[in-house]
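Trainee: how does the following fold in three dimensions:
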Amino acid sequence: MTLLKADVINFIYDQPKQSTMAIFSQLKKNISENLILDFGLRYDYRQVQGGEQYRKILFEAISPKLNFYFKPNKNVQYHLSVNRGFRAPSISELFLQYESNYGLQYRGNSQLQPEFMTAIELGIAKFETQQQTWFWNLFYNYYSNMIDFVYTIPVESINRTDVEGYGLELGSELANPFNLGDITFSYSYLKMMDIQNSGPILYRPAHKAKISLTKKLSLMNISFLLRYKSTQQYEDFLSNDHPIVNNTVRFPVKTLPELFLFDLKLSKIFSSFEIELSIKNIFNQDYVLIQNYPMPGITWHINFSKTINE
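Mentor: Numbering: from 1, shown residues only. Okay, the predicted model is just below:
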């Protein structure tokens, strides 16, 4: 259970506060030698209030989850899951009001409704040998009253009535193929659509991928990591060209370029000591994940650790 109070919020509210509680129960049962049932229930409770003179707003829900795991042999496992998700709006989404350093105004929306999601997933994991594993998942998500930021004047969160998302995830782990080192790969595809066509869904790249190579040498361990994100849409809230449609300011929709980032990690163990050097964005690439918010260039991090034997 969590209790929260906030002071730096919309000035019309004296001190918004929030109480949150969640209870979860789970049952896992072997139906047969090869089939496992996993059933769970979660209860969420959130009470928010803009101040002592405002009414309390209550959000609560019971969310079930149902998973089946089928393992016909030791080398493969299938799973099917159907889950219900719930998210209540936060204090900031309900009551926040401020102006950013570049003049964009943010305003809370006290009329927000909680977000519900129904998720269906089908997947397989295969263990060819101890040196090779792979997996893939197909998923479909349906959102009711999805809470999403809309860039208008002022910026505020809204409920999108009907949103669909579907895609796939796949990956593999290979232990030292061709003596190259340990390789890990993952890829995901996501397609999201607003069924009511009430505006673009921003900052959702369709493609993401990661690939890492870890090589154990006599002097040290060395790891390379490549991260990729495809293009993603955003609304240019700094543009002076923003027409008004149905009494709502509309900023032009633009596209952030695709992104490739490279990281490097070196580590060495000396008796009970380990030293690790991590270098992020080794090519010092300029990039943003959100419009006009530059991310760090090359960054260095050194970590020392010692194992203490009892």
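
Trainee: neighbours around Asn128, how many?
Mentor: That one is not Asn; residue 128 is Glu. Here the number of neighbours of Glu128 (other C-beta atoms under 10 Å) works out to 12. From N, CA and C alone the C-beta is placed, and that goes for glycine too.

Trainee: go through stretch 281-300 and flag the buried ones.
Mentor: For stretch 281-300, burial by neighbour count (16 or more other C-beta atoms under 10 Å) applies to Asn281, Gln291.

Trainee: any idea how far that stretch is from the chain center?
Mentor: 19 Å (C-alpha atoms, centre = their mean, to the nearest Å).

Trainee: which residues does the residue positioned nearest the centre of the chain contact?
Mentor: Nearest to the mean C-alpha position of the chain, by C-alpha atoms, centre = their mean, lies Arg204 at 10.3 Å. Contact analysis of Arg204 by C-beta atoms under 8 Å, 6 or more residues apart in numbering lists Leu190, Met192, Gln232, Gln233.

Trainee: now whichever strand or helix holds Tyr142 - C-alpha only, PDB.
Mentor: Here Tyr142 sits within strand 132-150, counting by DSSP states H and E. What follows is strand 132-150 as a C-alpha-only set of coordinates in PDB (Å, rounded to 0.1, in the frame of the first residue of the first chain):
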ATOM      1  CA  GLN A 132      21.400 -22.900 -28.500                       C
ATOM      2  CA  THR A 133      17.900 -21.600 -27.500                       C
ATOM      3  CA  TRP A 134      15.300 -19.500 -29.300                       C
ATOM      4  CA  PHE A 135      11.800 -18.200 -28.800                       C
ATOM      5  CA  TRP A 136       9.000 -16.400 -30.600                       C
ATOM      6  CA  ASN A 137       5.800 -14.800 -29.400                       C
ATOM      7  CA  LEU A 138       2.700 -13.400 -31.200                       C
ATOM      8  CA  PHE A 139       0.500 -11.000 -29.300                       C
ATOM      9  CA  TYR A 140      -2.600  -8.900 -29.600                       C
ATOM     10  CA  ASN A 141      -3.600  -6.100 -27.200                       C
ATOM     11  CA  TYR A 142      -6.800  -4.200 -27.000                       C
ATOM     12  CA  TYR A 143      -7.000  -1.000 -25.000                       C
ATOM     13  CA  SER A 144     -10.100   0.600 -23.600                       C
ATOM     14  CA  ASN A 145      -9.800   4.200 -22.500                       C
ATOM     15  CA  MET A 146      -6.000   4.100 -23.100                       C
ATOM     16  CA  ILE A 147      -4.400   7.100 -21.300                       C
ATOM     17  CA  ASP A 148      -2.200   9.000 -23.700                       C
ATOM     18  CA  PHE A 149      -0.600  12.500 -23.900                       C
ATOM     19  CA  VAL A 150      -1.900  14.700 -26.700                       C
END
